[in-house]
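[1] what follows is a predicted protein model with its sequence.
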Amino acid sequence: MMRIDILTIFPEFFTEVFDFGIIRRAREAGIVEIGVTDIRDFAADKHRKTDDRPFGGGEGMVMKCEPIFLAVEDLLGTAEREEYPAGTRVVLLTPQGRPLDQALVKDLSDEDGRILIICGRYEGIDERVSEALVTDEISIGDYVLSGGEPAAVVMTDAIIRLLPEALGNESSAERDSFSDGIFDFPNYTQPRNFRGMEVPEVLLGGNHAEIEAWRREKAIDKTRKIRKDLIEGAAVEDPPIKK
Ligand code: SAM
């Protein structure tokens, strides 16, 4: 079973967020276990203070490193500077990290793995966490959130989708966008005609080879229009853009 631990100063943020759909079912089926740890429980003083003013001056507050080191060591049962058990990833969420993409999600989705996810707040976290505690610094995109909690939900969801058996028969991750470097194909369902907008004829004919070819072409077309960088990285033919 995979185990994911989220370290945060706002544990209430996660009260219900993992109680729906695929994540809920994966938890109930024993495919993944998710724990939430309050970093304040590891603060040294009676006010449970986890942040302080930055050395060198400047605006805002910085999260202290000590409670975070203590929380990680407690969760992993490791002593100071001891190596982590094999298969352990300690992730710091930060806009300064490696951008999260499907390849990185796949790399993190180890069915027997252990992932600790550290959520920052304020101006960020004392740099010694990044220097000496974490194995991966990850960003969910080139924009700045107020805290790592929404990013932790995004990352956890994407990882669990790829665990064996997590999707059941509901859908297939192999078909998803990015699994072969490009977008998924467009889907249609009932009704066949909605306000004059018809479902493409080819999907109604039952010719599977034709449908496959049409879907592939549409997937490449859309990827090329919206994300040309993906087409350049994927081994696909580049069809002409159709109007
Ligand atoms: N001052 C920091 C900087 O400019 O790099 C930003 C701090 S941000 C306001 C507070 C926290 O939100 C960060 O420590 C991080 O945990 C989280 N965060 C913000 N943007 C993020 C992103 N794009 N990906 C992952 N985490 C992010």
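    Here it is on my side, so go on.

[2] what's the next secondary structure element after the helix or strand hosting residue 22?
    Using DSSP states H and E, the element containing residue 22 is helix 21-28. Using DSSP H and E, the next helix or strand after helix 21-28 towards the C-terminus is strand 32-38.

[3] may I see the buried residues of that next one?
    Across strand 32-38, burial judged by 16 or more other Cβ atoms under 10 Å covers 32, 34, 36-38. (C-beta placed from N, C-alpha, C; glycine too.)

[4] cool, stretch 48-59 as well?
    Along stretch 48-59, these residues count as buried under the neighbour rule (16+ other Cβ under 10 Å): 50-51.

[5] stretch 124-133 too?
    124-126, 129-130, 133.

[6] in helices only, show me those residues.
    129-130 (DSSP state H).

[7] near the ligand, list only the ones from the buried residues of stretch 124-133.
    Counting by Cβ under 6 Å from any ligand atom, 124-125 from the buried residues of stretch 124-133 sit close to the ligand.

[8] pretty sure residue 68 belongs to a helix, no?
    Yes. Read with DSSP: H, G, I helix; E, B strand; the rest coil, residue 68 is one of the residues of a helix.

[9] neighbours around it, how many?
    25 (other Cβ atoms under 10 Å).

[10] which ones are touching the closest residue to it other than its chain neighbours?
    Spatially, and ignoring its direct neighbours in sequence, residue 68 is nearest to residue 129 (5.4 Å; Cβ to Cβ, 6 or more residues apart in numbering). For residue 129, the contact set (Cβ atoms under 8 Å, 6 or more residues apart in numbering) comprises 65, 68-69, 92, 118.

[11] from residue 146, how far off is the residue in the chain that the ligand sits nearest to?
    Nearest to the ligand, among the residues of the chain, is residue 120, at 2.1 Å (Cβ to the nearest ligand atom). Distance of residue 120 to residue 146, computed by Cβ to Cβ, to the nearest Å: 10 Å.
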